[in-house]
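> sharing a model that was predicted from the sequence below.
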Amino acid sequence: SVPRPVSAALPADTIRMRLVLEIAEGKHLAADSLGELSGLAVDRAGTVYASDFSASKVWVFDRAGRLLPGIGRKGEGPGEFQAPTGLGIGPDGRLYVRDLVRVTRFTTDPASGRLTRYETSFRGPALADWRSMRATRFDESGHLFYPAFNSFRTTGVAGHFLRYSARGEFVDSLRVPAFPNAPAGTAWVRTGPNGGRMLGGLNHVPFAAVPVWDVTARGTLIIGSGESYLLRETDFQGNVKQTYAGPAGLDRIPVQQRRDSLAALRARLDSVPVPLDRVEGMPPEVRNLKVPDAFPAYMAAYGAMDGTIWVRRWPAGEPRRTVFDVFTPDGRLRNTVVLPRAIAIDPPPVLSLTDIVAVAVDPETGANIVLRFAPTSQPPLDGAAVSRPYRSRRSSISDRMNPNAGQPPERIERSNQARARTVSPRTRYQLPTP
């Protein structure tokens, strides 16, 4: 497609939301304790549940952002976690938490009314993608869909969503097809017979079209290549049940934004400690610095529990905001929703036209932030943390110059690790033995 000039114009049916809650350093007392957030869920009362890889627990906040007693601790006993992720609330109103090779279910605590009471757990797949932050999805009949996307892939298949009954019995799987333009999971360089080092940000160029997929409330798959604004909804047999289409053209990337991204990519390549021909998982476009002239059609797609499909567009002209197109199940564009802040793609946000909860990353420290948005017409939340800032430990000029000033050692280490993940990670990992 021929790129369109950048335009900030939006359809007349646009819903603009405002920030009503921000759990962030300097604005919420609990924010300093947040680690790597890996999942979000919101119950009927508006209570927010956030799983944390670093803390091995689930944080709980009421609708106004007040911190409540959390769920679990590090361990292997009932209600304990090793690496909680992928939160989801099923049609039965219970909270499900994935953790390594099991799924734990929590029900309502009669004393608090929150989903914090351990009920049971069941075993998931043996080779679980335990680091995945994809949300646990459910169909209308209560089946649970467990994302299974690891390195042991079959030709022509990107992965599966494994379907389980509410009792934890494996039923079947929803196949996700492979896309020719799908990037490798990471670029890496071998450091020994069975070891290697990941090279972040080199598995595709900035603004590359990347395939997206998710499960809908109908138990179907929503998929798209990202190369054009067309997504398909398919069933277990791969039959197309519905299509979702947007504008035919692509928005041109602003000159300065493209120039900055190109400079960042060049700096990443210059920092690689080995000859580039030794790097695996890096496509030729990266080595040749071939950054596109236009944004991809979209960057993510999500299936909401009310049956709608949310397609996240690239925010042409305003990179610090988030824009969604919301489609009805019959393929009709219903609304465009605009958030005033950029949010993370993973973990997936909790989406509705009246309430959105999402994770964001502080661009300076790499710290995780929890954000809540509501329509501009909705009154403020009573006592919401966004309106009650406290004096941060980073209050002086010298502190602002040094984001680690005044922080305890464990917090400094977490911030450094998060910043490394954001800029140029060099994490060691083990490769499977041939």
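Done, it's in. Numbering: from 1, shown residues only.
> ok, and for stretch 146-162, which residues are buried?
146, 147, 148, 149, 158, 159, 160, 161, 162 (16 or more other Cβ atoms under 10 Å). The C-beta positions use only the backbone N, C-alpha and C, and glycine is treated the same way.
> between those residues, which is closest to residue 140?
residue 161 (15.4 Å; Cβ to Cβ).
> do you know the pLDDT at the closest one?
Looking at residue 161, its pLDDT is 95.
> which residues touch the most centrally placed residue in the chain?
Per Cα atoms, centre = their mean, the C-alpha nearest to the average position across the chain is that of residue 346, at 0.8 Å. Contact partners of residue 346, counting by Cβ atoms under 8 Å, 6 or more residues apart in numbering, are 133, 134.
> which stretches of the stretch 101-250 of the chain form strands?
When assigned using DSSP state E, counting those that start in this stretch, the strands of the stretch 101-250 of the chain occupy the ranges 102-107, 117-123, 137-138, 144-148, 157-164, 170-177, 187-192, 195-199, 212-215, 221-224, 230-234, 240-245, 250-251.
> tabulate those strands (TSV), appending distance to residue 267.
Below are these laid out as TSV (distance: least, Cβ to Cβ, whole Å):
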stretch	distance to residue 267
strand 102-107	41
strand 117-123	45
strand 137-138	38
strand 144-148	33
strand 157-164	30
strand 170-177	34
strand 187-192	15
strand 195-199	13
strand 212-215	28
strand 221-224	31
strand 230-234	34
strand 240-245	37
strand 250-251	26
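> looking at those, which is closest to residue 38?
strand 144-148 (12.4 Å).
> what's the nearest residue to residue 312 if we skip its chain neighbours?
residue 300 (4.2 Å; Cβ to Cβ, 6 or more residues apart in numbering).
> tally of neighbours for the one you found?
Neighbourhood size, residue 300 [other Cβ atoms under 10 Å]: 21.
> and residue 105, by the same measure?
20.
> so it touches residue 96, yeah?
Yes. In this structure, residue 105 is within contact of residue 96 by Cβ atoms under 8 Å, at 5.5 Å.
> hang on, the earlier thing: nearest to residue 126, of the buried residues of stretch 146-162?
residue 148 (10.3 Å).
> let's have the buried residues of stretch 146-162 in JSON lines, adding distance to residue 352.
Listed next are the buried residues of stretch 146-162 as JSON lines, based on distance: Cβ to Cβ, whole Å:
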{"residue": "146", "distance to residue 352": "23"}
{"residue": "147", "distance to residue 352": "22"}
{"residue": "148", "distance to residue 352": "27"}
{"residue": "149", "distance to residue 352": "26"}
{"residue": "158", "distance to residue 352": "28"}
{"residue": "159", "distance to residue 352": "27"}
{"residue": "160", "distance to residue 352": "28"}
{"residue": "161", "distance to residue 352": "22"}
{"residue": "162", "distance to residue 352": "26"}
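> which of those residues sit farthest apart?
146 and 158 (15.2 Å).
> any regions of the chain where pLDDT drops low?
1-12, 151-155, 380-434 (pLDDT under 70).
> in it, which spans are helices?
According to DSSP state H, the chain carries its helices in the segments 255-270, 284-287, 397-401, 409-423.
> distance check, residue 25 against residue 264.
25 Å (Cβ to Cβ, to the nearest Å).
> more crowded one of these two?
Taking other Cβ under 10 Å, residue 25 and residue 264 do not tie; residue 25 has more neighbours (20 against 14).
> could you find the closest non-adjacent residue to that one?
residue 31 (4.8 Å).
> so that neighbour sits against residue 369, correct?
Yes. The pair residue 31 / residue 369 is scored as a contact, 7.2 Å apart, by Cβ under 8 Å.
> overlap in contacts of those two?
23, 24.
> quick one on the thing from earlier: next up, the contacts around the residue nearest to residue 25.
So residue 31 contacts 23, 24, 25, 367, 369 (Cβ under 8 Å, 6+ apart).
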